[in-house]
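Enquirer: Fold the following, please.
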Amino acid sequence: MEKSPSSVENQDTKSSFISERNYLIIHIISIIVIALAALIFIVPSMESANHAFAIGFVIIVALSFIYGLIARHISPKVKDRNPNFNPYHTFFFKGTVILSVILVIFAILGALFIYIEHDNLFQAVGLATTVIWIALFLIYFMWSVYHYNINYGLTDQDWQRIYDFRDMHSKGIPVKASDLEMPEHNPYKSQTFGLPPGTVRGMIAFTLLMGGMSLLIVSFGTQYSGVDAALLSQQFEFFETAFLMMIAFYFGDKSLKYLRERWVPKQSNTQNGGQVQNNQSVSPSSIQESKAMFPMDNLEIDNAYFDNEDRIFSIENGLQSEDAPPASQQRSLLSTSFEAQPELSLHREEYVQIKDNTNSKLLSDMDIRIALDELEAQENIKISLPVIKALVKVESAGRGHLSDGRAKILFEGHKFWYWLNAFGKDPEALSVGHEDIIYKKWTRAHYRVGLKEYDRLEEAKKIDPKAAIYSTSWGLFQILGENMEHNIKSRNYKDVAEFEAKQHESEYFHFLDFLAFIKIKKVRGKALIEYISESNEGNYDWESFAYGYNGSGYKVNEYHLKMKHFYEQFKNEQTWKA
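Expert: So this is what the prediction gives:
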């Protein structure tokens with residue numbers, strides 16, 4: 001006799017229920033066995049005064065796990081949930097959660113053991129903080145890898161919605177075209193682990209911070225001496241160095257110099273029989289009064305700028321009367337242009353201020369106007385000043401010269417390898433003993449930055465001067481010397497010696513090289529300059545320009561949006577029309 005479908009379904013449901021019930025019973029028995037093992041083998045080994053506390057803790061943990069299992073079993077939402085059909089989901093989430101739970105349990109048990117056996121709450125909290133952070137780090141990292149490398153930046157629900165719309169579309173149900181679109185690859189596939197820029201660095205920075213905090217917490221409750229004190233000091237130094245390296249990576253080495261000046265007492269000069277001259281707070285007016293006698297260092301310059309910003313804020317909010325120098329003087333003091341700037345001895349590391357009223361190293365608005373007028377007169381290409389100022393703001397390297405007046409450079413060893421080979425020399429043989437200037441693939445490991453970059457350049461010149469100049473990025477826009485062969489060939493430099501001399505002379509020549517570069521460099525069939533010229537009648541193609549100048553990573557850094565933003569800013573200032 002054939003059974004009815006309903007009876008078969010009821011039997012399947014019953015057998016399924018029995019299977020799930022047995023599964024639950026096995027889990028509960030396992031938890032009880034583990035708890036009994038802890039009570040029999042671990043608790044008796046502790047001091048008798050702590051037995052009651054340890055027994056209570058083990059029982060509470062066991063009951064908590066049993067409650068969680070039973071709640072999961074009887075909850076229909078949990079039991080019937082089927083969030084997605086991605087085969088990687090179980091590995092990335094269930095496996096990670098299980099491992100993280102195990103880590104947290106070990107952290108709690110370890111902290112409990114330390115507290116009971118050593119009576120040190122701070123060490124217990126420090127251990128728990130470290131291990132729990134590792135568990136959270138693991139969960140976030142695995143989620144990030146899954147979200148971007150497996151799901152291409154979409155959630156499981158987003159993919160399910162797309163499949164649902166495609167299923168509706170296949171059945172003839174009208175849907176929007178945008179609802180059918182799905183990404184074909186990870187938008188950040190070129191980045192580390194396929195994650196958005198800064199994600200890995202951020203996780204490392206927070207991990208270093210948590211490690212340092214845990215170490216600090218541990219140190220509160222312990223009296224160290226001898227070897228233990230030396231070890232603790234070494235651990236603190238490690239976390240301090242690592243964290244400062246992350247700060248430098250995010251904000252540049254200038255931030256480290258600023259913090260160093262803040263942390264280390266400055267050795268001030270003494271005048272008039274040992275009287276200390278304190279320059280910690282310097283107003284703009286006092287800068288001009290003492291400029292001839294005491295040139296200011298980086299920290300004093302920053303303090304002066306901060307004090308001026310505070311003064312302006314106080315005046316605007318009625319907290320201070322306007323008894324400071326007039327606004328025109330403030331603009332002159334803080335301006336990076338020399339059109340109306342007094343002589344100041346503000347020696348910044350990024351550039352040197354040299355002014356004799358006839359020749360300035362800094363690029364001024366007047367320099368840009370002259371170059372643009374010549375460009376329009378000679379080649380009938382018109383570009384507005386706000387457009388160029390926006391490009392300079394986004395694409396320049398801050399300033400084009402170092403503190404000793406030489407051009408800012410960055411030597412590229414992989415380019416040196418290329419040009420040595422192009423000039424008929426054997427780079428592999430020459431790299432022996434010169435591994436920091438000759439290497440086949442790009443790496444930032446050998447960068448020295450600043451004045452020390454010239455040590456690498458001079459070493460390379462001894463091998464091949466022309467290849468060395470070609471392999472170096474120069475000046476305000478960091479244009480490689482190799483562009484003399486093509487993109488800036490119209491500048492008609494006699495040789496690399498003349499090119500280098502012009503780089504040292506003024507940012508004006510950096511700007512002329514930049515104009516030559518964007519006139520020749522093409523992308524999508526057009527020279528870069530065509531995307532920003534006035535032939536567009538104000539409809540500039542910032543995206544195409546950024547793509548051609550910065551490469552495919554322009555979207556990640558939002559160069560096109562920054563250009564547009566600063567263009568609107570400079571255009572609204574109206575000063576460029578004068």
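Enquirer: How are the helices of the stretch 401-550 of the chain distributed by residue range?
Expert: 413-422, 427-430, 453-461, 465-470, 496-505, 507-520, 542-550 (DSSP state H, counting those that start in this stretch).
Enquirer: contacts for the first one?
Expert: Which is helix 413-422. Identification of contacts with helix 413-422 by CB atoms under 8 Å, 6 or more residues apart in numbering yields 426-427, 430-431, 436-443, 446, 456, 460, 463-464, 466-468, 470-471, 480, 482. To be clear about C-beta, it is placed using only N, CA and C from the backbone, and glycine gets the same treatment.
Enquirer: Got a quick ChimeraX command for the buried subset of those?
Expert: Buried residues among the contacts of helix 413-422 (16 or more other CB atoms under 10 Å), as a ChimeraX selection:
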select :427,430,431,436,437,438,439,456,460,463,464,467,468,470,471,480,482
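Enquirer: circling back to that earlier point, can you tell me which of the helices of the stretch 401-550 of the chain is nearest to S219?
Expert: Evaluated over the helices of the stretch 401-550 of the chain, closeness to S219 peaks at helix 453-461, with 40.1 Å, by CB to CB.
Enquirer: Now do the buried residues in the closest one.
Expert: By 16+ other CB under 10 Å, the buried positions in helix 453-461 come out as E453, Y454, R456, L457, A460, K461.
Enquirer: got the contact list for the second one?
Expert: When contacts are counted by CB under 8 Å, 6+ apart, Y454 touches R406, I409.
Enquirer: now it: how far from A62?
Expert: To A62, Y454 is 68 Å away according to CB to CB, to the nearest Å.
Enquirer: Likewise for the fourth one?
Expert: Taken as CB to CB, the spacing of L457 relative to A62 amounts to 69 Å.
Enquirer: Likewise for the third one?
Expert: As for R456, its distance to A62 is 64 Å (criterion: CB to CB).
Enquirer: try the first one
Expert: Distance, E453 to A62, by CB to CB: 63 Å.
Enquirer: what pLDDT does the residue nearest to G413 when sequence neighbours are not counted get?
Expert: Nearest residue to G413 in three dimensions, chain neighbours excluded: Y439, at 4.6 Å (CB to CB, 6 or more residues apart in numbering). Y439 carries a pLDDT value of 95.
Enquirer: what do you get for the one 3 residues further on?
Expert: In this prediction, W442 carries a pLDDT score of 86.
Enquirer: which residues touch it?
Expert: Taking CB under 8 Å, 6+ apart as the test, what W442 contacts is E412, H414.
Enquirer: ok, now F220?
Expert: Contacts of F220 by CB under 8 Å, 6+ apart are F122.
Enquirer: same thing but at 10 Å, please
Expert: Listed by CB atoms under 10 Å, 6 or more residues apart in numbering, the contact partners of F220 are N120, L121, F122, Q123, V125, G126.
Enquirer: any idea how far it lies from I108?
Expert: Applying CB to CB, the value for F220 to I108 is 20 Å.
Enquirer: Same question for K494.
Expert: 74 Å.
Enquirer: So the two - more neighbours on which side?
Expert: I108 (17 against 7; other CB atoms under 10 Å).
Enquirer: Please, which helix or strand holds the more buried one?
Expert: helix 95-118 (DSSP states H and E).
Enquirer: Low-confidence ranges, the protein, go.
Expert: 1-20, 46-50, 71-92, 221-232, 243, 246-360, 397, 574-578 (pLDDT under 70).
Enquirer: Can you show me the strands along it?
Expert: 270-271, 275-276, 409-411, 472-474, 479-480, 522-523, 526-527 (DSSP state E).
Enquirer: So for A516, which of these sits nearest?
Expert: strand 479-480 (9.2 Å).
Enquirer: for the closest one, packing partners?
Expert: strand 472-474, helix 507-520 (3 or more CB pairs under 10 Å, 6 or more residues apart in numbering; DSSP states H and E).
Enquirer: Specify the residue ranges that define each domain of this structure.
Expert: Annotated domains of the chain cover 10-81, 86-222, 280-320+327-347, 365-577 [automatic domain parsing].
Enquirer: if we can go back for a sec, H27: which of the helices of the stretch 401-550 of the chain is closest?
Expert: In terms of CB to CB, the element of the helices of the stretch 401-550 of the chain nearest to H27 is helix 542-550, at 56.0 Å.
Enquirer: buried residues in the closest one?
Expert: In helix 542-550, counting by 16+ other CB under 10 Å, buried: W542, E543, S544, F545, A546, Y547, G548, Y549, N550.
Enquirer: ok, these vs N380, which is closest?
Expert: Distance to N380 across the buried residues of helix 542-550 (CB to CB) is lowest for F545, with 19.7 Å.
Enquirer: Apart from its neighbours in sequence, what residue is nearest that closest one?
Expert: Y531 (4.4 Å).
Enquirer: Could you do S473 as well?
Expert: In space, not counting the residues next to it along the chain, S473 is nearest to L410; the distance is 4.5 Å by CB to CB, 6+ apart.
Enquirer: Just say which of the helices and strands packed on strand 479-480 is most tucked in.
Expert: Ranked by mean neighbour count, the helices and strands packed on strand 479-480 are led by strand 472-474 with a mean of 24 (mean count of other CB atoms under 10 Å).
Enquirer: Quick check: can you name the pairing partners of that strand and their directions?
Expert: Looking at strand 472-474 with DSSP bridges, its partner strands are strand 409-411 (antiparallel), strand 479-480 (antiparallel).
Enquirer: Output these in CSV; the columns should cover distance to Q503.
Expert: Formatted as CSV, the strands paired with strand 472-474 follow (distance: least, CB to CB, whole Å):
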stretch, distance to Q503
strand 409-411, 8
strand 479-480, 9
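Enquirer: closest one to S170 among the ones you listed?
Expert: Between the strands paired with strand 472-474, strand 479-480 lies closest to S170; by CB to CB that is 52.7 Å.
Enquirer: picking that back up, and the helix holding I108, which residues are buried?
Expert: Neighbour-count burial for helix 95-118 [16+ other CB under 10 Å]: T96, S100, L103, V104, A107, I108, L109, A111, L112, I114, Y115, I116.
Enquirer: Packing partners of it?
Expert: helix 51-74, helix 121-145.
Enquirer: Can you list the buried residues in stretch 189-197?
Expert: Q191, G194, L195.
Enquirer: what residues are up against the first one?
Expert: Pointing back at Q191 there. For Q191, the contacting residues are Y148, P197, G198, T199, V200, G553, V556, by CB under 10 Å, 6+ apart.
Enquirer: Next, the angle helix 51-74 makes with the helix holding I108.
Expert: 170 degrees (axes from the mean of the first three to the mean of the last three CA atoms, to 10 degrees).
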